[in-house]
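Chemist: Sequence and predicted structure are below.
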Amino acid sequence: MQDAAQRLKNLAEQLLGVPLPVRLRAWDGSEAGPPDGPTLVVRNRRALRRLLWKPGELGLARAWVAGDLDVEGDLYDALGRMAGLIWERPEDDSRSLVEALKEPRVRAAAAELVKLAGPFLPPAPPGEEMRRRGRLHLHTKGSDRRAISHHYDVGNDFYELVLGPSMVYSCAYWDSPDGTLEDAQRDKLELISRKLGLAPGQRLLDVGCGWGSMAIHAAREYGVGVVGVTLSQEQAAYARKRVAEEGLTDRVEIRVQDYRDVRDGPFDAISSIGMAEHVGSERYLEYAEALYALLKPGGRLLNHQIARRPQKDESTYEVDEFIDAYVFPDGELAPVGTTTGLLEQAGFEVRDLEAIREHYALTLRRWVANLEAAWPAAVKFTSPGRARIWRLYMAASALSFERNKIGVNQILAVKTPLSGEPGMPLRARTWN
């Protein structure tokens, strides 16, 4: 009788219709598959039951988070080899599971997998999975608050390990791949400040202010007054402490507040850095209109946002199951053309767009390295499952940016007054 690894390999190749690109090690210690490269470790039969009850990415994610699946060797190499089977399926490959099971070979392989999985009971999802109250009313103030809390209120100590001293959780701006993360994040904040044309005496609204890094940089280096808003209680407490330590309490106010509830405009400038991904397609125009209303005539918005590639049929777009369940609940990505169109529809004049996709890949690889270097502490500050989530999410995201599956853009938009004078230099890219 074949050992578990060889049986699994044969079944996987029957179901997938292609050779397995990684080596397999099963719970009985047996191995099968390519001798070189990384090894996918199936620690127990429960991993198979998770896949049978939730075929596809969510079942794999649950097995990974629970520790039922692991990778030995280079995680990036393993993800790159498996990407075509899981994350990078062709857009026109829309065959359903029901259709696939009509094929005799697939049906036979699935039946054999059921036998190999053991008692056919659905394992409970890992505790780190987002528990929803329904999806009928996404992106209400309450649902956004719960989603943000799920992602950000996991402990500031954990984020310090991953992000480093800069405490900036968005794409850095690199001068060289050999530079330091701290320098690259400082350069990103400086770039945004210059694009916004900040000057002493102005007011800046920082939407989704995180741990306060942009607010502190703008107040300290440019003498502006800053209002930073976040929905995370833990972020706000940390940011306020940093503001006080910098002696900037007279210039910076950190609020736990929804951007839709800000009433003390107008502002000279607004920064939105890595926040708009949480807004959702059905609320994006409302977001753009709210920020437009909060700006003075001639005021500038810097919208720093991840974008996905457009699909042939946009109605088929689905949110990534792993990201939605474990990382950014209710988050959505849109093509950059859609985003600029909605900003213009709200009244903005889009003046500049800078694509910095490669920069995010470099940033994520540094975050992964930070996490791996401090793994025992990261597990202590959160949980083994949470640490595994962040490692997988950041490594997979780095590959997605490198392969141009997703990008990130800084969009500079102006509330151009009726006079038509945007207040911009004739050669706008004077910040470079």
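Modeler: Looks like it arrived, so ask away.
Chemist: all contacts plus neighbour counts: C-alpha atoms, from now on.
Modeler: Noted.
Chemist: all helices of the stretch 151-300 of the chain, in order?
Modeler: Under the criterion DSSP state H, counting those that start in this stretch, the stretch 151-300 of the chain carries helices at the ranges 156-163, 181-195, 213-222, 233-245, 284-294.
Chemist: do the same with the stretch 1-150 of the chain
Modeler: Counting by DSSP H, counting those that start in this stretch, the stretch 1-150 of the chain has helices at residues 4-16, 46-53, 57-66, 75-82, 97-100, 104-117, 141-152.
Chemist: how about those in CSV, adding distance to residue 288 and mean pLDDT?
Modeler: Shown next, in CSV, are the helices of the stretch 1-150 of the chain (distance: least, CA to CA, whole Å; pLDDT from 0 to 100):
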stretch, distance to residue 288, mean pLDDT
helix 4-16, 43, 88
helix 46-53, 40, 91
helix 57-66, 32, 93
helix 75-82, 36, 94
helix 97-100, 39, 53
helix 104-117, 48, 76
helix 141-152, 16, 56
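Chemist: Which one, of those, ends up nearest to residue 383?
Modeler: Checking those against residue 383 by CA to CA gives helix 57-66 as the closest, at 10.1 Å.
Chemist: hmm, who's touching the closest one?
Modeler: 46-47, 50-53, 69-70, 86, 125-126, 321-322, 384-386, 388-389 (CA atoms under 8 Å, 6 or more residues apart in numbering).
Chemist: can the helices of the stretch 1-150 of the chain go into JSON lines with extra columns for mean neighbour count and distance to residue 356?
Modeler: Compiled in JSON lines, the helices of the stretch 1-150 of the chain are given as follows (neighbours: other CA atoms under 10 Å; distance: least, CA to CA, whole Å):
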{"stretch": "helix 4-16", "mean neighbour count": "19", "distance to residue 356": "35"}
{"stretch": "helix 46-53", "mean neighbour count": "21", "distance to residue 356": "36"}
{"stretch": "helix 57-66", "mean neighbour count": "22", "distance to residue 356": "28"}
{"stretch": "helix 75-82", "mean neighbour count": "17", "distance to residue 356": "21"}
{"stretch": "helix 97-100", "mean neighbour count": "10", "distance to residue 356": "37"}
{"stretch": "helix 104-117", "mean neighbour count": "16", "distance to residue 356": "43"}
{"stretch": "helix 141-152", "mean neighbour count": "18", "distance to residue 356": "24"}
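Chemist: so who does residue 27 touch?
Modeler: 4, 41-45.
Chemist: my bad, should have said residue 242
Modeler: With contacts defined as CA under 8 Å, 6+ apart, residue 242 is in contact with residue 212.
Chemist: same check, this time on residue 81
Modeler: Contacts of residue 81 (CA under 8 Å, 6+ apart): 21-22.
Chemist: For residue 21, see how far away it is.
Modeler: Noted for residue 81: a distance of 6 Å to residue 21, by CA to CA, to the nearest Å.
Chemist: thinking again about what came up before, pipe the helices of the stretch 1-150 of the chain into a markdown table and attach distance to residue 374 per row.
Modeler: Listed next are those as a markdown table, based on distance: least, CA to CA, whole Å:
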| stretch | distance to residue 374 |
| --- | --- |
| helix 4-16 | 32 |
| helix 46-53 | 27 |
| helix 57-66 | 18 |
| helix 75-82 | 17 |
| helix 97-100 | 40 |
| helix 104-117 | 35 |
| helix 141-152 | 19 |
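Chemist: Out of those, flag the one nearest residue 26.
Modeler: Among the helices of the stretch 1-150 of the chain, the nearest to residue 26 by CA to CA is helix 4-16 (5.0 Å).
Chemist: Show me what that closest one is packed against.
Modeler: Helix 4-16 is packed against strand 23-25, strand 31-32, helix 104-117, with contacts defined by 3 or more CA pairs under 8 Å, 6 or more residues apart in numbering; DSSP states H and E.
Chemist: Output the below-cut-off pLDDT ranges for the stretch 151-300 of the chain.
Modeler: Judged by pLDDT under 70, the stretch 151-300 of the chain has its weakly predicted residues at 151-154.
Chemist: let's see 90
Modeler: 151-155, 280-281 (pLDDT under 90).
Chemist: Now stretch 191-203: buried residues?
Modeler: For stretch 191-203, burial by neighbour count (16 or more other CA atoms under 10 Å) applies to 192-199, 202-203.
Chemist: Tabulate the residues you listed in CSV, adding columns for distance to residue 74.
Modeler: Shown next, in CSV, are these (distance: CA to CA, whole Å):
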residue, distance to residue 74
192, 35
193, 38
194, 39
195, 39
196, 41
197, 43
198, 44
199, 47
202, 48
203, 47
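Chemist: ok, those vs residue 274, which is closest?
Modeler: residue 192 (12.5 Å).
Chemist: Contacts only, for the closest one.
Modeler: Per CA under 8 Å, 6+ apart, neighbours of residue 192: 271, 302.
Chemist: how near is it to residue 163?
Modeler: Distance, residue 192 to residue 163, by CA to CA: 19 Å.
Chemist: and if you look at residue 388?
Modeler: For residue 388 relative to residue 163 (CA to CA), the value is 16 Å.
Chemist: Just say helix, strand or coil for residue 304.
Modeler: On the three-state scheme (DSSP: H, G, I helix; E, B strand; the rest coil), residue 304 is labelled strand.
Chemist: May I have the beta-bridge partners of it?
Modeler: Legend: beta-bridge partners of residue 304 under DSSP bridges are residue 273, residue 410.
Chemist: Confirm that residue 421 sits in a helix.
Modeler: No: counting by three-state DSSP, residue 421 is not part of a helix but coil.
Chemist: who touches it in this structure?
Modeler: By CA under 8 Å, 6+ apart, the contact list for residue 421 reads residue 298.
Chemist: Let me know the pLDDT of it.
Modeler: Listed pLDDT for residue 421 reads 92.
Chemist: ok so, going back, if we only consider the contacts of residue 27, which is nearest to residue 398?
Modeler: Comparing those against residue 398 with CA to CA picks out residue 41 as the nearest, at 22.3 Å.
Chemist: got the contact list for that closest one?
Modeler: With contact set as CA under 8 Å, 6+ apart, residue 41 has these partners: 24-27, 69-72.
Chemist: try it again with 6 Å
Modeler: Counting by CA atoms under 6 Å, 6 or more residues apart in numbering, residue 41 makes contact with 24-25, 69-71.
Chemist: cool, and residue 318?
Modeler: No contacts exist for residue 318 under CA under 6 Å, 6+ apart.
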